[in-house]
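*Asks:* Would you be able to build a 3D model of this:
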Amino acid sequence: MPDERALQEKKLSFMIVNISSGILLGLLIILDTTALASLVFHGTLLVYLPAALCLSLLVTIFLTGLRLLLAGSPYIIGNVQEAYFVMIAALTVSLAQEASQSLISIHTTLALMMLCTFMIGCILYMAGRYRLYKFLQFIPYPVVVGYLAGLGGLILLGTINILTGVNITEGGNLGSLFTPKELALWLPAFAYTLLMVLLARKFPDKKWLFPAMILLAIFIFYCLLFVLDLPIDKARHANLMFNLEHFSGLNVFYHPFFAKSYIDWPFVLQHLYDVVAIVLVNFLGVFVHLNALETELSTTLDMRLEMRSYGLANLLFGLLAAPAGYHSVGLTALNHTFGGRHLVSIITLLVVALLGIFYGSYIILLVPKSVFAILLFFISINWLASYLIQSRKKLPLLEYLIVMIIFLSMLLLSFYWAVIFGILLSVLIFGYQYSRISVIHSELQGEQVRSTVKYHPIHARFLEKKRHQLVLIKLQGYLFFGNTAELTAKALSYIKTVDFAEEAFILFDFSLVKGIDYSAIHAFVRLNQQVKKTKVQVILCNLAEKMLASFTQAYRQAEMAQDFIHYAKLDYAIEWSEKKLLNHAPSLPQTESVHVQLRNLFSESLANALIPYLTARHYCPGEIIYRQGEQTTGIDFIISGAVEILLETKLQTVRLGKFYSGNMIGEMGVYLQENRSATVKCIEPALLYTLSKEQFREMNQKEPKLAALFHFTLAKILSERLKSTNRFISSSLF
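*Replies:* Model prediction:
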């Protein structure tokens, strides 16, 4: 019995917490929605504020209920959004002053709301269906921050306009806000909001502070009325509370709309660009809010489902000229903080919102203007603090400049110009900053620039003296007009140091280049034109397919197709350059005896002692000397001709090296007792002398001193080869 009673008490407590959370959030939604709607529906449009509240609450009920039916838990609350009302208010701020009749003003406002909401629904549905939201990641962060800061500023000015009637954005006198009479209207609410913001930031975990401070503000207001003995009617006439002489229901709200003559069509057409900006900002808002909700709720949301459902909902709202709405991060987080983690809290919230449709007008009449102003001030101050003040610490100066320009553009010009300035400045600053990143990954010259080709010792010694005529510049990133000047200057500075008595070569490696524009391609064409009168040649390698096509076309158009030298691999490009240098090398003897060739590798005594253990073999071009994976048979010494070393993989065949006369191959398999690690193919008529495994074993047994000298000499040769390989790797990677 005690356990059952405790369980019943726990369930009752749980239900009370969830019902309380739903009631509290429902009341907050009514107050917050009224405050936001009052940004648009004030002045001559104030009589339509209750009807606007009804439509906004219908949006809340529909979105929250729809999310509940489609996805269930986690419970997410949908509501009208601050950005929508702020931007509509800024768009229509001059309409009430220009329109000769209030009907023209209300129906033009409704036409703009219908257009904006319907377009928001379209873009959300399309984004969910075709994953268009992925493009939002390309919007620069400073542009987003600037817009949010601008919205915060517009909320601040709109709230002051509601309280005082002074519209600063339309040329209102800023000084008039600081007269004693005007200060009394807005300063107390502003000061109270600053206190709320400070407390909320000092105690971020105490979410109950916000609703408690709102209720306290209402209590203080009525206490002051009691102390001052000021009737509510006089408070309304003193502009301290909303004064609605009559309420316009939904029939008045909509009936004249179908008389199209009431709509100021020139005004609508004039602000189409601003309408597009409103749609884009709200589209971005949905994406940002969804990501924030995933973090807040520690869950993963189906982005496509969320956007499609909210898109369809807003299409319906657009047909009704209702405000746009989607999920609310703040209300959902508050619901969880208050303990509303059950379906009961959501149903209670919906019931309170439904009651607000029928009795919301009385709340508008009874709640002082200052409380609605506090709600709006709280939003604006938080946004300005987060996006205008704190972003200065996070963003570099140039990016913060974008934030400030967008912020001022939204306050002084329009959303359209804010978009233009934001994107233009982002592109310019990005281009400037990216151009400061060096496109030269590394620069190698001299002995570090070498191919995998093993030349005849005479040619190898000649090349070692001429390698300073080779320069390798490895490029990286994206090449465009802003950063190609650096590599052009680097190439030209090298040309000034070249000995023009012989050829020189500048190799550009594009293996790390992600893309290139036409101006950068044209820079290489101009470089070729500048070196044409010299003996310097420009070679490009590792060009991607599209880049190669663009370069080929550019050189043809410049009538320089014969000067375009390109190789698919860096190794082949370096080999081509080395062979060009070897054109000036001494000629090799037509024939050399086996004794002479072996003396290129060993001492004369060792070479003479080895010959009895060797067997001669001749090979024709294209013939496979041995294949990868075969059993190792011995070590081969190349007396004449040339062979190619190939590594065969499932995807491709890679050249590991090319060996000319005076070199040896196959020693790894013999020493490691492994099968052939690569395929060797004859590319020129070749004569090879082979030291078979049997003869190698016999030499170790019969002549150990000769074998020891052979091992020692081979170790030196392999060390030199490893050193050469390391240089090639460094030229390829660095």
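*Asks:* Quick one: the helices in the stretch 301-450 of the chain, in order.
*Replies:* Under the criterion DSSP state H, counting those that start in this stretch, the stretch 301-450 of the chain carries helices at the ranges 303-319, 329-337, 343-366, 369-384, 391-394, 397-412, 415-435.
*Asks:* So which of those helices is nearest residue 643?
*Replies:* Closest to residue 643 of the helices of the stretch 301-450 of the chain, according to Cβ to Cβ: helix 415-435, at 46.6 Å. Glycine gets a C-beta too; all of them are placed from N, C-alpha and C.
*Asks:* returning to what we had before: okay, the helices of the stretch 301-450 of the chain in JSON lines with mean pLDDT next?
*Replies:* JSON lines is the format used below for the helices of the stretch 301-450 of the chain (pLDDT from 0 to 100):
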{"stretch": "helix 303-319", "mean pLDDT": "86"}
{"stretch": "helix 329-337", "mean pLDDT": "70"}
{"stretch": "helix 343-366", "mean pLDDT": "82"}
{"stretch": "helix 369-384", "mean pLDDT": "81"}
{"stretch": "helix 391-394", "mean pLDDT": "80"}
{"stretch": "helix 397-412", "mean pLDDT": "81"}
{"stretch": "helix 415-435", "mean pLDDT": "71"}
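*Asks:* who wins for proximity to residue 606 among those helices?
*Replies:* Among these, the nearest to residue 606 by Cβ to Cβ is helix 415-435 (59.4 Å).
*Asks:* which one of the helices of the stretch 301-450 of the chain lies closest to residue 237?
*Replies:* When those are compared (using Cβ to Cβ), the closest one is helix 369-384, at 12.5 Å.
*Asks:* I'd like the next helix or strand past the lowest-mean-pLDDT helix or strand in the chain.
*Replies:* Lowest by mean pLDDT, DSSP states H and E among the helices and strands of the chain is helix 250-254, with a mean of 47. Per DSSP states H and E, the first helix or strand lying C-terminal to helix 250-254 is helix 265-270.
*Asks:* for residue 485, what are its contacts?
*Replies:* Contact analysis of residue 485 by Cβ atoms under 8 Å, 6 or more residues apart in numbering lists residue 523.
*Asks:* what is the mean pLDDT for the helix or strand that it is a member of?
*Replies:* Element membership for residue 485 (DSSP H and E) is helix 484-495. Taken as a whole, helix 484-495 has a mean pLDDT of 76.
*Asks:* Which positions in that helix come out as buried?
*Replies:* Going by neighbour count (16 or more other Cβ atoms under 10 Å), the buried part of helix 484-495 is 484, 487, 490, 491, 494, 495.
*Asks:* Dump these to a markdown table, plus distance to residue 546.
*Replies:* Listed next are these as a markdown table, based on distance: Cβ to Cβ, whole Å:
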| residue | distance to residue 546 |
| --- | --- |
| 484 | 18 |
| 487 | 20 |
| 490 | 25 |
| 491 | 23 |
| 494 | 28 |
| 495 | 29 |
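*Asks:* Pick the one among those closest to residue 201.
*Replies:* Residue 201 lies nearest to residue 484 out of the buried residues of helix 484-495, by Cβ to Cβ, at 48.4 Å.
*Asks:* Pretty sure residue 380 sits against residue 156.
*Replies:* Yes: at 4.0 Å, residue 380 counts as touching residue 156 under the criterion of Cβ atoms under 8 Å.
*Asks:* Neighbour count: these two, which is higher?
*Replies:* Using other Cβ atoms under 10 Å, the more surrounded residue of residue 380 and residue 156 is residue 380, with 24 against 21.
*Asks:* Would you confirm that residue 505 belongs to a strand?
*Replies:* Yes: checked against DSSP: H, G, I helix; E, B strand; the rest coil, residue 505 lies within a strand.
*Asks:* Strands along the stretch 601-734 of the chain, start to end?
*Replies:* 615-619, 624-626, 634-648, 653-660, 664-665, 679-692 (DSSP state E, counting those that start in this stretch).
*Asks:* okay but residue 384 is in contact with residue 156, surely?
*Replies:* Yes: counting by Cβ under 8 Å, residue 156 is a contact partner of residue 384 at 7.0 Å.
*Asks:* distance between stretch 494-507 and the chain's centre?
*Replies:* 42 Å (Cα atoms, centre = their mean, to the nearest Å).
*Asks:* which of the residues in it are buried?
*Replies:* For stretch 494-507, the buried set under the neighbour-count rule, 16+ other Cβ under 10 Å, comprises 494, 495, 498, 503, 504, 505, 506, 507.
*Asks:* out of those, who's nearest residue 80?
*Replies:* Nearest to residue 80 among these, with distances taken as Cβ to Cβ, is residue 507, at 62.4 Å.
*Asks:* For the closest residue to residue 224 other than its chain neighbours, give its distance to residue 477.
*Replies:* Computed as Cβ to Cβ, 6 or more residues apart in numbering, the closest residue to residue 224 that is not its neighbour in sequence is residue 230, at 7.8 Å. From residue 230 over to residue 477 the distance is 70 Å, taken as Cβ to Cβ, to the nearest Å.
*Asks:* Compute the number of surrounding residues for residue 130.
*Replies:* Here the number of neighbours of residue 130 (other Cβ under 10 Å) works out to 10.
*Asks:* my bad, should have said residue 191
*Replies:* Neighbours of residue 191 (other Cβ under 10 Å): 11.
*Asks:* Return the distance of it relative to residue 242.
*Replies:* Taking Cβ to Cβ, one finds residue 191 at 22 Å from residue 242.
*Asks:* before we move on, what about residue 507?
*Replies:* 77 Å.
*Asks:* hang on, residue 472 is in a helix, isn't it?
*Replies:* No: counting by three-state DSSP, residue 472 is not found in a helix; it is strand.
*Asks:* I figured it was touching residue 507, is that so?
*Replies:* Yes: with contacts counted by Cβ under 8 Å, residue 472 reaches residue 507, the gap being 4.7 Å.
*Asks:* Touching both of the two, which residues are there?
*Replies:* Going by Cβ under 8 Å, 6+ apart, residues that sit against residue 472 and also against residue 507 are 449, 570, 574.
*Asks:* Which of those has the largest number of neighbours?
*Replies:* residue 574 leads these on contacts (other Cβ under 10 Å) with 26 neighbours.
*Asks:* care to break this structure down by domain?
*Replies:* For the chain, the structural domains run 4-431, 440-582, 594-733, going by the TED database.
*Asks:* These into a markdown table, with extra columns for distance to residue 588?
*Replies:* A markdown table is the format used below for these (distance: least, Cβ to Cβ, whole Å):
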| stretch | distance to residue 588 |
| --- | --- |
| domain 4-431 | 54 |
| domain 440-582 | 6 |
| domain 594-733 | 8 |
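*Asks:* For the ones you listed, which has the smallest mean pLDDT value?
*Replies:* domain 4-431 (a mean of 76).
*Asks:* related to what we said a few turns ago, and of the buried residues of helix 484-495, the nearest to residue 639?
*Replies:* residue 494 (39.7 Å).
*Asks:* so the closest one makes contact with residue 469?
*Replies:* No: under the criterion of Cβ under 8 Å, residue 494 is not in contact with residue 469, lying 10.4 Å apart.
*Asks:* show me what contacts the nearest residue to residue 404 once chain neighbours are set aside?
*Replies:* The spatial neighbour of residue 404 that comes closest, neighbours along the chain excluded (Cβ to Cβ, 6+ apart), is residue 146 at 7.5 Å. Residue 146 sits next to 387, 402, 403, 404, 405, 406, 407, 410, 418, 422 when contact means Cβ under 8 Å, 6+ apart.
*Asks:* Sort out which of those are buried, if you could.
*Replies:* 387, 402, 403, 405, 406, 407, 410, 418, 422.
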